[in-house]
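**Q** this one's sequence-less:
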Ligand SMILES: Nc1ncnc2c1ncn2[C@@H]1O[C@H](COP(=O)(O)OP(=O)(O)OP(=O)(O)O)[C@@H](O)[C@H]1O
Ligand SMILES: [Mg+2]
């Protein structure tokens with residue numbers, strides 16, 4: 001299949017430096033994320049992973065350098081354009097960040113009510129479809145998030161994140177704090193969701209500490225150290241990395 005060269009990367013960090021006062025968190029970072037693939041960003045705590053996500057979302061701006069997302073320079077956008085632009089993202093947080101006072105159904109319907117002109121009937125159908133995609137059983141739809149398990153809440157959070165058919169799905173430590181079985185379920189869900197949305201095509205970016213899951217579900221792995229990406233390769237090549245820090249990370253995580 002012919003690849004459109006312009007579409008090859010969904011997200012591009014070009015020589016990006018981010019400093020908070022004296023503290024440089026991203027240091028002349030060059031990092032390009034492949035369109036339609038699953039890329040996982042690894043690195044020790046404090047390496048700057050979440051900071052990268054915040055730059056992708058336009059929450060943080062680089063001190064130097066520039067960032068292109070979906071072909072657009074973030075720096076040139078007005079606040080209104082940024083808000084519109086954020087609807088191209090699905091975000092999944094560690095704690096599902098659902099609205100506690102709304103039913104699970106209401107949570108998933110929320111972005112559709114807020115950002116689309118769909119009728120109530122269309123929204124209803126769409127929510128049912130999303131609930132099915134993530135495997136949330138019907139008896140849970142009218143319950144509150146507090147009335148279902150953590151694993152189920154993950155499904156609701158994911159359905160809500162998928163509602164606007166995002167081109168980019170971002171997961172910041174999606175399985176931290178979950179038991180091994182739920183972790184496995186969430187990892188599979190990330191992979192299935194990615195595959196199901198290949199037609200968009202969906203680009204998936206995951207921040208993770210879970211090396212085993214990373215190697216199992218990702219296409220590409222990037223390793224962040226001291227504000228730079230020191231390795232960015234396919235899973236196969238990553239496993240063979242000669243970088244001593246990565247070898248250590250691989251060992252510690254096994
Ligand atoms: N708004 C801010 N002001 C000052 N320092 C910040 C700010 N945001 C992030 N930092 C600093 O940037 C560094 C990287 O933080 P970040 O949250 O990106 O790390 P991380 O790789 O996501 O770590 P973890 O694995 O623990 O989540 C930290 O030293 C943090 O204190
Ligand atoms: Mg973080």
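**A** The structure has been received and is ready for your questions. In this text, all values refer to a predicted model and were calculated from it rather than measured experimentally. Residues are numbered from 1 along each chain as shown. Ligands and ions are numbered 1, 2, ... in the order given.

**Q** which one is whichever residue of the stretch 51-200 of the chain sits closest to ligand 2 nearest to, not counting chain neighbours?
**A** Closest approach between the stretch 51-200 of the chain and ligand 2, counting by CB to the ion: residue 172, at 6.1 Å. C-beta coordinates here come from the backbone N, C-alpha and C atoms, glycine included. Closest residue to residue 172 apart from its sequence neighbours, by CB to CB, 6 or more residues apart in numbering: residue 207 at 4.9 Å.

**Q** which residues does the residue nearest in space to the middle of the chain bridge with?
**A** Central residue of the chain (CA atoms, centre = their mean): residue 170, 1.1 Å from the mean position. When bridges are called by DSSP bridges, residue 170 pairs up with residue 91, residue 205.

**Q** wait, doesn't it sit right on residue 88?
**A** No - taking CB atoms under 8 Å as the definition, residue 170 is not a contact partner of residue 88, at 10.8 Å.

**Q** residues from this protein in reach of ligand 2?
**A** Selection of the chain residues close to ligand 2 by CB under 5 Å from the ion yields 49-50.

**Q** in the chain, which spans are strands?
**A** Using DSSP state E, the strands of the chain run over residues 9-20, 23-34, 38-42, 64-69, 72-73, 89-92, 168-172, 203-207, 220-225, 228-234.

**Q** can you redo these as TSV with mean pLDDT and distance to residue 136?
**A** Shown next, in TSV, are the strands of the chain (pLDDT from 0 to 100; distance: least, CB to CB, whole Å):
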stretch	mean pLDDT	distance to residue 136
strand 9-20	97	28
strand 23-34	97	29
strand 38-42	97	22
strand 64-69	95	30
strand 72-73	89	33
strand 89-92	89	15
strand 168-172	94	17
strand 203-207	96	20
strand 220-225	96	30
strand 228-234	95	33
